[in-house]
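Peer 1: here are the coordinates; sequence isn't available:
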């Protein structure tokens, strides 16, 4: 009898648990969003707006040249002043960045006003009249400004609550679609069981207007809130937001100070900017208008990043594929004009910077071999999955010669430590060497840029056995310069020079 009672009690308990679980599983998505807002101590609607004025500090990683799939190349300090209505998503952000490892060198700033994830304007800092100071914002900056709203989970939850397609994505996760300046994004929000507190979010998106991120196509941005504070009014706020890009550390936001008083800007921000952010998609980046031939059967296409083409006996090889697939197609079209009847036999990608290999997909889609530093294969196949396992992905080795004829190419790999994933390409018959993006010079003095002195020293070390003092160096960011001229930049540092007998 005792056993029967225990079994019966167990069945009742199990049934109750099942009922509770079923009830939880069948919570309407909108109710789950409201419960999360309640857990934060936030009303769904607040008369007069849900204003925040905040100082937000943090950091960002220059991911575009991480060198590895783990990410994190050079760190940026970033600070921002944010004024926003978290209910309407109208606001203003002023952000400034600097590079601590480059003596605190400024790395850009902006002031942007935005509204409804649809329009944005930027202030011209040189304008004398505030009434005429505002114009269309750049897309990449406008999206970065809007990202500051993600520090505040209430803003994202309200966005979910009013989405037409709000739905469950498994237990304790909400999913919806939003449009950010015309770019569709799939968003999920994770809700902690029990407390109902939102813990983080995931955004499936793309960055077609961002030179440094567009090459990745569809990408995953994840954010995690932490260091929760409870205000005197009972409202919960995270003081930190950690953000990753395709699994790599990307940005950290830290809420330094904040006020919820209605700001003086409230009336101004209630009037939304009239235009969407400007700028063209990186795939439509204007092609080079300056084409020169430093030697017979060699063409250099000067642009945001220079590209060089060399005609060998068996066809043309293109050195590097930067910017985008569209830019790479424009290069190949120009090569057909400049070298009629000669097929493109291969592209040699020499750098581990993401935007320097962003055009490789255009070569892959045509079956053109991609020659790559062996340590960059995983990075290339992550960006261009079509090359994974393909015999058109060809690792190079130090001293390798490619092609035949007077303009055959010779590969040299940098030893490091700064450029240990970079390759250089010599054209001995033309007395030329392609310096990738290692050779960076001050535009005024033509001396080595301070941050690039080690790069240039490693370049000279890698190619010294193959060059003469008169050998011309062609690279992504400079006009041609001789080896002798580079040596002059190291007059006080002879160990870095390419010493020729």
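Peer 2: Done, it's in. Computed from a predicted structure; not experimentally measured.

Peer 1: from here on, just use CA atoms for contacts and neighbour counts.
Peer 2: Fine.

Peer 1: show me where this structure has its helices.
Peer 2: For the chain, the helices defined by DSSP state H cover 2-25, 29-39, 139-147, 153-161, 266-269, 325-338, 360-365, 377-383, 453-463, 483-488.

Peer 1: can you redo those helices as JSON lines with mean pLDDT and mean neighbour count?
Peer 2: Below are the helices of the chain laid out as JSON lines (pLDDT from 0 to 100; neighbours: other C-alpha atoms under 10 Å):
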{"stretch": "helix 2-25", "mean pLDDT": "39", "mean neighbour count": "11"}
{"stretch": "helix 29-39", "mean pLDDT": "96", "mean neighbour count": "20"}
{"stretch": "helix 139-147", "mean pLDDT": "97", "mean neighbour count": "20"}
{"stretch": "helix 153-161", "mean pLDDT": "97", "mean neighbour count": "22"}
{"stretch": "helix 266-269", "mean pLDDT": "92", "mean neighbour count": "15"}
{"stretch": "helix 325-338", "mean pLDDT": "98", "mean neighbour count": "19"}
{"stretch": "helix 360-365", "mean pLDDT": "98", "mean neighbour count": "21"}
{"stretch": "helix 377-383", "mean pLDDT": "93", "mean neighbour count": "18"}
{"stretch": "helix 453-463", "mean pLDDT": "97", "mean neighbour count": "22"}
{"stretch": "helix 483-488", "mean pLDDT": "97", "mean neighbour count": "19"}
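
Peer 1: format those as CSV; extra columns: distance to residue 182.
Peer 2: Listed next are the helices of the chain as CSV, based on distance: least, C-alpha to C-alpha, whole Å:
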stretch, distance to residue 182
helix 2-25, 33
helix 29-39, 24
helix 139-147, 10
helix 153-161, 16
helix 266-269, 21
helix 325-338, 21
helix 360-365, 25
helix 377-383, 24
helix 453-463, 40
helix 483-488, 47
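
Peer 1: those: which one's closest to residue 192?
Peer 2: helix 29-39 (9.0 Å; C-alpha to C-alpha).

Peer 1: before we move on, the earlier item: so which of the helices of the chain is nearest residue 347?
Peer 2: helix 360-365 (7.5 Å).

Peer 1: can you give the contact residues for stretch 445-452?
Peer 2: 102, 438, 439, 440, 441, 442, 456, 486, 489 (C-alpha atoms under 8 Å, 6 or more residues apart in numbering).

Peer 1: grab the nearest non-local neighbour of the last one.
Peer 2: To tie it back to what came earlier, the one meant is residue 489. residue 447 (5.3 Å; C-alpha to C-alpha, 6 or more residues apart in numbering).

Peer 1: kindly report the same for residue 218.
Peer 2: residue 206 (4.8 Å).

Peer 1: give the bridge partners for the spatially closest residue to residue 168 that is not a sequence neighbour, please.
Peer 2: Nearest residue to residue 168, sequence neighbours excluded (C-alpha to C-alpha, 6+ apart): residue 174, at 4.9 Å. Note on residue 174: beta-bridge partners by DSSP bridges are residue 168, residue 189.

Peer 1: let's number from 41 now, not from 1
Peer 2: Taking 41 as the first residue, the last one we looked at is residue 214.

Peer 1: picking up where we left off before, from the contacts of stretch 485-492, which ones fall inside strands?
Peer 2: Assigned to strands by DSSP state E, none of these qualify.

Peer 1: leaving out sequence neighbours, find the closest residue to residue 310.
Peer 2: residue 130 (6.9 Å).

Peer 1: go ahead and confirm the one you found touches residue 152.
Peer 2: No: between residue 130 and residue 152 there is no contact under C-alpha atoms under 8 Å: 10.9 Å.

Peer 1: tally up the residues packed near residue 406, please.
Peer 2: Neighbour count for residue 406, taken as other C-alpha atoms under 10 Å: 9.

Peer 1: separation between it and residue 85?
Peer 2: 54 Å (C-alpha to C-alpha, to the nearest Å).

Peer 1: then residue 462?
Peer 2: 55 Å.

Peer 1: repeat for residue 487
Peer 2: Residue 487 is 59 Å from residue 85, by C-alpha to C-alpha.

Peer 1: that older thread, do I have it right that the residue nearest to residue 258 meets residue 261?
Peer 2: No: taking contacts as C-alpha under 8 Å, residue 246 lies outside contact range of residue 261: 9.5 Å.

Peer 1: who does residue 338 bridge with?
Peer 2: Beta-bridge partners of residue 338, as defined by DSSP bridges: residue 335, residue 350.

Peer 1: tell me who's in contact with it.
Peer 2: 348, 349, 350, 351.

Peer 1: distance-wise, check the third one relative to residue 176.
Peer 2: Here the criterion is C-alpha to C-alpha. By it, residue 350 lies 41 Å from residue 176.

Peer 1: what pLDDT does the residue nearest to residue 95 when sequence neighbours are not counted get?
Peer 2: Once flanking residues are discounted, residue 95 sits nearest to residue 121: 4.8 Å by C-alpha to C-alpha, 6+ apart. Looking at residue 121, its pLDDT stands at 98.

Peer 1: and residue 479, by the same measure?
Peer 2: For residue 479, the predicted pLDDT is 97.

Peer 1: one more: the one 3 residues further on?
Peer 2: The pLDDT attached to residue 482 in the predicted structure is 92.

Peer 1: cool, residue 114 as well?
Peer 2: 86.

Peer 1: quick one: residues contacting it.
Peer 2: With C-alpha under 8 Å, 6+ apart, residue 114 has these contacts: 101, 102, 103, 106, 139, 141.

Peer 1: just curious, which of the residues you listed is nearest to residue 427?
Peer 2: Checking these one by one against residue 427 (C-alpha to C-alpha), the nearest turns out to be residue 106, at 20.6 Å.

Peer 1: wait, doesn't residue 353 sit right on residue 444?
Peer 2: Yes: using C-alpha under 8 Å, residue 353 is in contact with residue 444, at 5.8 Å.

Peer 1: run the chain-centre distance for stretch 128-145.
Peer 2: Counting by C-alpha atoms, centre = their mean, to the nearest Å, stretch 128-145 is centred 16 Å from the centre of its parent chain.

Peer 1: give the rounded mean pLDDT of it.
Peer 2: In the prediction, stretch 128-145 has an average pLDDT of 95.

Peer 1: residue 207 and residue 226 touch, don't they?
Peer 2: No: the criterion here is C-alpha under 8 Å, and residue 207 misses it with residue 226 at 11.5 Å.

Peer 1: any idea how many residues pack against the nearest residue to residue 527 once chain neighbours are set aside?
Peer 2: Residue nearest to residue 527 in three dimensions, not counting chain neighbours: residue 537, with 5.1 Å by C-alpha to C-alpha, 6+ apart. Residue 537: 22 surrounding residues under other C-alpha under 10 Å.

Peer 1: list the contacts for residue 537?
Peer 2: 497, 500, 501, 526, 527, 530.

Peer 1: switch to 10 Å and redo it
Peer 2: Applying C-alpha atoms under 10 Å, 6 or more residues apart in numbering to residue 537 gives the contacts 496-498, 500-501, 504, 523-524, 526-531.

Peer 1: phi first, then psi, for it.
Peer 2: Note on residue 537: its backbone torsions stand at phi -80, psi 160 [degrees, to the nearest 10].

Peer 1: and the chain, what are its domains?
Peer 2: 68-319, 323-536 (automatic domain parsing).

Peer 1: from the centroid of this protein, which residue is nearest?
Peer 2: residue 253 (3.3 Å; C-alpha atoms, centre = their mean).

Peer 1: tell me how far it lies from residue 246.
Peer 2: Taking C-alpha to C-alpha, one finds residue 253 at 8 Å from residue 246.

Peer 1: what of residue 339?
Peer 2: 33 Å.

Peer 1: for residue 70, which non-adjacent residue is closest in space?
Peer 2: Leaving aside its sequence neighbours, residue 70 sits nearest to residue 201 (C-alpha to C-alpha, 6+ apart; 5.6 Å).

Peer 1: please consider this matter closed, and thank you.
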